[in-house]
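Engineer: quick one, what's the 3D model for this:
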Amino acid sequence: VSGGEDEIQQLQKALLDYLDENTETDASLVFSRKFYIAQWFRDTTMETEKAIKSQKDEDSSEGTHHAKDVETTGQIMHRAESRKTFLRSIIKTTPSQFSTLKMNSDTVDYEDACLIVRYLASMRPFAQSFDIYLTQ
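Structural biologist: As a prediction, the model looks like this:
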């Protein structure tokens, strides 16, 4: 996985497929599925707010407003909206509809799901700054 937006959404969808598939054997997976969706939605909102705030801080320090910054803000908002649209579509899907939308659910087993969770967790800010916390 190269870490692009599409790859992350594919991994998220694969993980949600796995969780949805196995809810019959473990009822706690229903909660896990909802938790992940809510967490990813929250992360998207927080990343957008931080990016826009940092751009506003740069603009105020420079004293001018560049067209390039406006375009960048537009791109940030577009990416955030596409992520949120993806998550909303997952939320609105009923379990019976979700099974018809599955892409690669046969290829995701328990070990793959664990690997996907580890990878997605490594993308979170705390995991990326853990070495700094450890050093301090």
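
Engineer: hey, where'd the helices end up in the protein?
Structural biologist: Remark: helices assigned in the chain by DSSP state H are 5-21, 28-62, 67-92, 95-101, 110-122, 125-128, 130-135.

Engineer: name the helix or strand of the chain that has the lowest mean pLDDT.
Structural biologist: helix 95-101 (a mean of 50; mean pLDDT, DSSP states H and E).

Engineer: shaky segments in the protein?
Structural biologist: Low-confidence segments of the chain, defined by pLDDT under 70: 1-5, 59-71, 93-107, 126-128, 130.

Engineer: quick test: name the residue nearest the centre of the protein.
Structural biologist: Closest to where the C-alpha atoms of the chain average out (Cα atoms, centre = their mean) is W40, at 4.2 Å.

Engineer: surely that residue meets K13?
Structural biologist: No: the criterion here is Cβ atoms under 8 Å, and W40 misses it with K13 at 10.9 Å. Using the backbone N, CA and C atoms, a C-beta is placed for each residue, glycine as well.

Engineer: intersection of neighbour lists for the two?
Structural biologist: With contacts defined as Cβ atoms under 8 Å, 6 or more residues apart in numbering, no residue is shared by W40 and K13.

Engineer: who are the contact partners of the residue nearest to N22 when sequence neighbours are not counted?
Structural biologist: Counting by Cβ to Cβ, 6 or more residues apart in numbering, L29 is the residue found nearest to N22 once chain neighbours are left out, at 5.5 Å. Contacts for L29 (Cβ under 8 Å, 6+ apart) come out as L19, D20, N22, T23.
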